[in-house]
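*Asks:* sequence and computational prediction follow.
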2 protein chains.
Amino acid sequence: MLVIGEKINATRKAIASALENRDADHIVKTAKEQDAAGATYIDINGGNPREGAEEANMVWLMDLVQAGSELPIAVDTANPDVMRKGLSMAKKKPILNSISLESERLENMLDIVKEFDCMVVALLMSDDGTPCSMEDRVQRAEQLIARITDTGKKLDEIIVDPCFLPVSADAASGRHVIDAIAQIRSKWPEVHIGGGLSNVSFGLPKRKNVNLAALAQCIYAGMDAAITDPCVDGVMATIYAAEAVAGRDEFCMNYVTAMR
Amino acid sequence: MLVIGEKINATRKAIASALENRDADHIVKTAKEQDAAGATYIDINGGNPREGAEEANMVWLMDLVQAGSELPIAVDTANPDVMRKGLSMAKKKPILNSISLESERLENMLDIVKEFDCMVVALLMSDDGTPCSMEDRVQRAEQLIARITDTGKKLDEIIVDPCFLPVSADAASGRHVIDAIAQIRSKWPEVHIGGGLSNVSFGLPKRKNVNLAALAQCIYAGMDAAITDPCVDGVMATIYAAEAVAGRDEFCMNYVTAMR
């Protein structure tokens, strides 16, 4: 399971404040705690409304986080210049987070995908917006996987993000995304599948219940990557437990080891 | 969702002791707390190694529990005489828990199924023991459903228990049972599916993680009944959350109401 720790993101208040004050200790602590909790990548998003600040933030964060943790980085930005800068500073094979079918983003990011030895999060957004069905997701996955493999990337370097949407707005959207995961897993056994699943619980009370139930269900369907906060109680335990029940943990060794 | 509260079972120490001492308060409290937590049925199992005691226990428990809670009862015994006695005392349409394909049990219990207006738990055990694959479960379900509907019962009066087995002993057994749930749901949309799911975590540490992950996964596959302890933190929340993500809770009304 790829566990991409999502906490170092400028849209979170504590991180925005740490960026503003160049509070290195807070950033390093946030990286280390995700590492200790079981993350396999640290996501870095230095996006900031103040123009020009994002690249400086990315440079500062890349240095800090890689000094504080051995984990590889997921460089998280929609800005091609910031993406290039972040990837160029990576000490270990990083993740480009993300490319999508939105025309401008697609062409800009494909150039970068070609340049770097990296993994790629392939988000199933297009110029038409979010996907509206299971079939739509599978079709978009096919298009985006084709474009990425055309650059020379292998299937197992792609992480398809099926685009999670709030079930409070559309009760069927949970089935659409989970059934799409099962279809994508079946059509492309080697691709990774996963993304920022917590969207499913948007607008609902006690969101953790919904997030953990969806996490277990998505893992059963074939999800093997998550952009998540591994420090939240229950997240890593649910990942290990769900993989054990899904038959992906022989003798439950990973689960038992993690529970110790 | 049918939630059959499993706590009043003589194999549990506290209940064995309450039976021994005829501690009515403890039994009534255990019934009421399951009712308050969200159970829709109260299971009663008065099984006792001391010969002859089980029928007396069942009579005592049926009176007590039905005085303490309005919920209908799941009469839980392998003894035909005790089953008949328990069902005959039910004030509301009860559940016969359980019939199976084991020859002696099948013939004895089918006679009782014919006699009473009841729901029936159909456990997929046979003279060959536990089922060993997805296909085996579906085939057994077909046989047992046929025998039960031959008595005049409708499909929605049957709760197929797919026979949960420990994933610690066989890593593939989780997929067998969950895929069987999906197949059974697809072949017989009207039957209920569910059972004592906590077997999946037998032999593992921190079993609740595994039970809740499996619960969410089984509900996604089509499970709509559980024999469980609704008082355990997380069980009811996971049931409501899993149903919402699975698209069986329009506007998440049940989830939101339960979380209040």
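*Replies:* Cool, got the structure.
*Asks:* now the strands for the stretch 151-260 of chain A?
*Replies:* Along the stretch 151-260 of chain A, the segments classed as strands by DSSP state E, counting those that start in this stretch run A:158-161, A:192-195, A:225-228.
*Asks:* please list all residues in contact with the residue nearest the centre of chain A.
*Replies:* In chain A, the C-alpha nearest the mean C-alpha coordinate belongs to A:Ile227, at 3.6 Å (Cα atoms, centre = their mean). By Cβ atoms under 8 Å, 6 or more residues apart in numbering or on different chains, the residues touching A:Ile227 are A:Ile4, A:Glu6, A:Asp43, A:Ala74, A:Asn97, A:Val121, A:Asp161, A:Gly194, A:Gly195, A:Gly196, A:Leu197. C-beta: built from backbone N, CA, C; applies to glycine.
*Asks:* related to what we said a few turns ago, adding mean pLDDT, write the strands of the stretch 151-260 of chain A out as a markdown table.
*Replies:* Below are the strands of the stretch 151-260 of chain A laid out as a markdown table (pLDDT from 0 to 100):
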| stretch | mean pLDDT |
| --- | --- |
| strand A:158-161 | 98 |
| strand A:192-195 | 98 |
| strand A:225-228 | 97 |
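*Asks:* so can I have CSV of those strands showing distance to A:Asp249?
*Replies:* Below are the strands of the stretch 151-260 of chain A laid out as CSV (distance: least, Cβ to Cβ, whole Å):
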stretch, distance to A:Asp249
strand A:158-161, 20
strand A:192-195, 17
strand A:225-228, 16
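*Asks:* one step back: and the contacts of A:Ile227, which of them are buried?
*Replies:* A:Ile4, A:Glu6, A:Asp43, A:Ala74, A:Asn97, A:Val121, A:Asp161, A:Gly194, A:Gly195, A:Gly196, A:Leu197 (16 or more other Cβ atoms under 10 Å in any protein chain shown).
*Asks:* Serialize those residues to JSON lines and add fields for distance to B:Ala146.
*Replies:* Supplementary listing: the buried ones among the contacts of A:Ile227 in JSON lines, determined by distance: Cβ to Cβ, whole Å:
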{"residue": "A:Ile4", "distance to B:Ala146": "49"}
{"residue": "A:Glu6", "distance to B:Ala146": "51"}
{"residue": "A:Asp43", "distance to B:Ala146": "54"}
{"residue": "A:Ala74", "distance to B:Ala146": "54"}
{"residue": "A:Asn97", "distance to B:Ala146": "53"}
{"residue": "A:Val121", "distance to B:Ala146": "50"}
{"residue": "A:Asp161", "distance to B:Ala146": "45"}
{"residue": "A:Gly194", "distance to B:Ala146": "42"}
{"residue": "A:Gly195", "distance to B:Ala146": "44"}
{"residue": "A:Gly196", "distance to B:Ala146": "47"}
{"residue": "A:Leu197", "distance to B:Ala146": "41"}
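*Asks:* let me see the contact set for whichever residue of the stretch 1-150 of chain A sits closest to chain B.
*Replies:* With distances taken as Cβ to the nearest Cβ, the stretch 1-150 of chain A approaches chain B most closely at A:Met134, which sits 11.5 Å away. Listed by Cβ under 8 Å, 6+ apart, the contact set of A:Met134 reads A:Arg175, A:His176, A:Val177, A:Asp179, A:Ala180, A:Gln183.
*Asks:* now the residues you listed: which count as buried?
*Replies:* Neighbour counting by 16+ other Cβ under 10 Å classes A:Arg175, A:His176, A:Val177, A:Asp179, A:Ala180, A:Gln183 among the contacts of A:Met134 as buried.
*Asks:* any idea which helix or strand carries A:Ala39?
*Replies:* Element membership for A:Ala39, per DSSP states H and E: none, as it lies in no helix or strand.
*Asks:* I'd like the distance between it and B:Cys132.
*Replies:* Computed with Cβ to Cβ, to the nearest Å, the distance linking A:Ala39 and B:Cys132 is 38 Å.
*Asks:* who's more crowded, the two?
*Replies:* The residue with the greater number of neighbours, taking A:Ala39 and B:Cys132 and applying other Cβ atoms under 10 Å in any protein chain shown, is A:Ala39; the counts read 26 against 14.
*Asks:* so what's the more buried one up against?
*Replies:* A:Ala39 touches A:Val3, A:Ile4, A:Gly5, A:Leu71, A:Pro230, counting by Cβ under 8 Å, 6+ apart.
*Asks:* the fourth one in helix, strand or coil?
*Replies:* Think A:Leu71. Secondary structure state of A:Leu71, per DSSP: H, G, I helix; E, B strand; the rest coil, is coil.
*Asks:* how many other residues sit next to it?
*Replies:* Neighbour tally, A:Leu71, other Cβ under 10 Å: 20.
*Asks:* over to A:Gly152?
*Replies:* For A:Gly152, the tally of surrounding residues (other Cβ under 10 Å) stands at 9.
*Asks:* assess the claim that it and A:Phe116 are in contact.
*Replies:* No. The pair A:Gly152 / A:Phe116 is not scored as a contact, 11.1 Å apart, by Cβ atoms under 8 Å.
*Asks:* mind exporting the C-alpha coordinates of the helix or strand hosting A:Arg140 to CSV?
*Replies:* Taking DSSP H and E as the definition, one finds A:Arg140 inside helix A:134-150. Output of helix A:134-150 as CSV, limited to C-alpha atoms (Å, rounded to 0.1, in the frame of the first residue of the first chain):
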residue,chain,number,x,y,z
MET,A,134,-18.4,4.3,-13.3
GLU,A,135,-18.1,4.0,-17.0
ASP,A,136,-16.9,7.6,-17.4
ARG,A,137,-14.1,7.0,-14.9
VAL,A,138,-12.9,3.8,-16.7
GLN,A,139,-13.0,5.7,-20.0
ARG,A,140,-11.0,8.6,-18.6
ALA,A,141,-8.6,6.2,-17.0
GLU,A,142,-8.0,4.6,-20.3
GLN,A,143,-7.3,8.0,-22.0
LEU,A,144,-5.0,9.3,-19.3
ILE,A,145,-3.1,6.0,-18.9
ALA,A,146,-2.5,6.0,-22.7
ARG,A,147,-1.1,9.5,-22.6
ILE,A,148,1.2,8.8,-19.7
THR,A,149,2.5,5.5,-21.0
ASP,A,150,3.2,7.2,-24.3
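*Asks:* in it, what's buried?
*Replies:* For helix A:134-150, the buried set under the neighbour-count rule, 16+ other Cβ under 10 Å, comprises A:Met134, A:Asp136, A:Arg137, A:Val138, A:Arg140, A:Ala141, A:Leu144, A:Ile145, A:Arg147, A:Ile148.
*Asks:* B:Met89: which of those residues is nearest?
*Replies:* A:Met134 (48.8 Å; Cβ to Cβ).
*Asks:* related to what we said a few turns ago, for the buried ones among the contacts of A:Met134, which one is nearest B:Asp111?
*Replies:* A:Arg175 (41.5 Å).
*Asks:* ok, the closest one touching B:Gly247?
*Replies:* Yes. The pair formed by A:Arg175 and B:Gly247 meets the contact definition of Cβ under 8 Å, at 4.3 Å.
*Asks:* got the phi/psi numbers for A:Leu2?
*Replies:* Recorded main-chain torsions at A:Leu2 are phi -90, psi 120, according to degrees, to the nearest 10.
*Asks:* what's around it, how many residues?
*Replies:* Burial measure for A:Leu2: 18 neighbouring residues, criterion other Cβ under 10 Å.
*Asks:* and it, what does it touch?
*Replies:* Counting by Cβ under 8 Å, 6+ apart, A:Leu2 has contacts A:Thr40, A:Tyr41, A:Ile159, A:His192, A:Gly194, A:Asp224, A:Ala225, A:Ala226.
*Asks:* I'd like to know how many residues surround the residue nearest to it when sequence neighbours are not counted.
*Replies:* The spatial neighbour of A:Leu2 that comes closest, neighbours along the chain excluded (Cβ to Cβ, 6 or more residues apart in numbering or on different chains), is A:Ala225 at 3.9 Å. A:Ala225 sits with 23 neighbouring residues when counted by other Cβ under 10 Å.
*Asks:* just grab the bridge partners of A:Ala225 for me.
*Replies:* A:Leu2, A:Gly194 (DSSP bridges).
*Asks:* now do the contacts for it.
*Replies:* Taking Cβ under 8 Å, 6+ apart as the criterion, A:Ala225 is in contact with A:Met1, A:Leu2, A:Val3, A:Ile4, A:Ile159, A:His192, A:Ile193, A:Gly194, A:Gly195.
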